[in-house]
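>>> Give the three-dimensional model of this entry:
(one chain, ligands or ions: 1)
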Amino acid sequence: MMMSSSQRQAYSYGDALYWDARYLADGSASFDWYQRYSALRPFVRKYVPVSARVLMVGCGNAVLSEDMVKDGYIDIMNIDISSIVIEMMRTKYAHIPQLRYMQMDVRDMSFFDDESFDCVFDKVWHGCPTQCLSDARRSEQITYGDPSVRIPHLNQPGCNWKIILYIIPRPGFQSPGGYNPPRSIMEPVTLTESGQLPAGFVLEDPDSHYIYVCKKMH
Ligand SMILES: C[S@@+](CC[C@H](N)C(=O)[O-])C[C@H]1O[C@@H](n2cnc3c(N)ncnc32)[C@H](O)[C@@H]1O
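Numbers count the residues shown, from 1 in each chain. Model prediction:
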């Protein structure tokens, strides 16, 4: 199935058809949105043991999961709404048993039993906390997006998370005076009681990326 760019624009990021068309057009090359594993590694290693059963939501054709296996991770279930990209990735990684691929919409995770995973990665935000995490009692998540939008979602009733926020510059960011962060990127940002950035908090890179580590409170 081929689609023109105007046809593709008629669909949205939540549509399987949109993503199928996109991957058919240019899916053979891998592409990692926002950040690659090298930048995320300190956070991943801090919170996720290599023995963890990991669910990678909306895996696309990123090399993140492959890089994690090279770093010692042994069990990564990758799901994506696009059957096209799942087929491509299954073929590409047929020789790596630590990586499994399934076509699936994160909005319906009924295929998996509760507690099937120890950690869920949602790298480009598919809104899975309420949808898959609270049902399945998975424990940690790394995702992106501004706190004013994300925190209310993460704090919805039924989501009993302890949220730890890190803010990192986008890859290649250079400020005019040289990148000189006021704190280590490994230092969590303390949020206000309502879950927002403190007043006067300065983002050196206005297009920073946000990493939310959400730990399930028992
Ligand atoms: C912006 S890309 C990110 C790909 C990859 N995670 C990365 O970081 O480079 C979003 C991916 O999510 C998939 N996707 C969109 N909606 C989804 C849904 N409801 N369930 C599962 N996957 C979805 C798309 O097919 C696409 O591959």
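>>> Tell me what residue 167 is bridged to.
Beta bridges link residue 167 to residue 210 when assigned by DSSP bridges.
>>> Might one say that it is in contact with residue 185?
Yes: using CB atoms under 8 Å, residue 167 makes contact with residue 185 at a distance of 7.4 Å. All C-beta spots, glycine's among them, are computed from the backbone N, C-alpha and C.
>>> Residue 90 should be in a helix, yeah?
Yes: counting by DSSP: H, G, I helix; E, B strand; the rest coil, residue 90 is part of a helix.
>>> Show the contacting residues for it.
residue 101 (CB atoms under 8 Å, 6 or more residues apart in numbering).
>>> Spell out which parts of this structure neighbour the ligand.
Contact residues (CB under 6 Å from any ligand atom) of the chain with the ligand: 14, 19, 32-33, 58-60, 62, 79-82, 85, 105-107, 123-124, 126.
>>> Out of these, which sit inside strands?
Among the residues of the chain next to the ligand, the members found in strands (DSSP state E) are 79, 80.
>>> now the residues of the chain next to the ligand: which count as buried?
Among the residues of the chain next to the ligand, those buried by neighbour count (16 or more other CB atoms under 10 Å) are 19, 32, 58-60, 62, 79-82, 85, 106, 123, 126.
>>> Give the residue spans of this protein that score low on pLDDT.
The chain contains residues with pLDDT under 70 at 1-14, 27, 125-144, 178-182, 218.
>>> how about the strands of the chain, start to end?
54-57, 76-80, 99-103, 119-122, 141-142, 161-168, 209-216.
>>> and those strands, which is most packed in?
strand 54-57 (a mean of 26; mean count of other CB atoms under 10 Å).
>>> what's that strand packed up against?
Packed against strand 54-57, as judged by 3 or more CB pairs under 8 Å, 6 or more residues apart in numbering; DSSP states H and E, are the following elements: helix 64-70, strand 76-80, strand 119-122.
>>> what's the closest of these to residue 203?
strand 119-122 (21.9 Å; CB to CB).
>>> hey, where'd the helices end up in this structure?
5-10, 16-26, 37-47, 64-70, 83-92, 128, 134-136, 147-154 (DSSP state H).
>>> Report the angle between the fifth one and strand 99-103.
What that stands for is helix 83-92. 160 degrees (axes from the mean of the first three to the mean of the last three CA atoms, to 10 degrees).
>>> and the residue nearest the centre of the chain, backbone torsions?
Against the mean C-alpha coordinate of the chain, by CA atoms, centre = their mean, the closest residue is residue 123 at 1.4 Å. Phi and psi for residue 123, reported as degrees, to the nearest 10, are phi -80, psi -30.
>>> and the gap between it and residue 58?
Using CB to CB, to the nearest Å, residue 123 is found at 7 Å from residue 58.
>>> excluding its backbone neighbours, what's nearest residue 52?
Leaving aside its chain neighbours, residue 52 sits nearest to residue 118 (4.1 Å; criterion: CB to CB, 6 or more residues apart in numbering).
>>> Torsion angles phi and psi at the one you found?
Per degrees, to the nearest 10, the backbone of residue 118 is at phi -100, psi -20.
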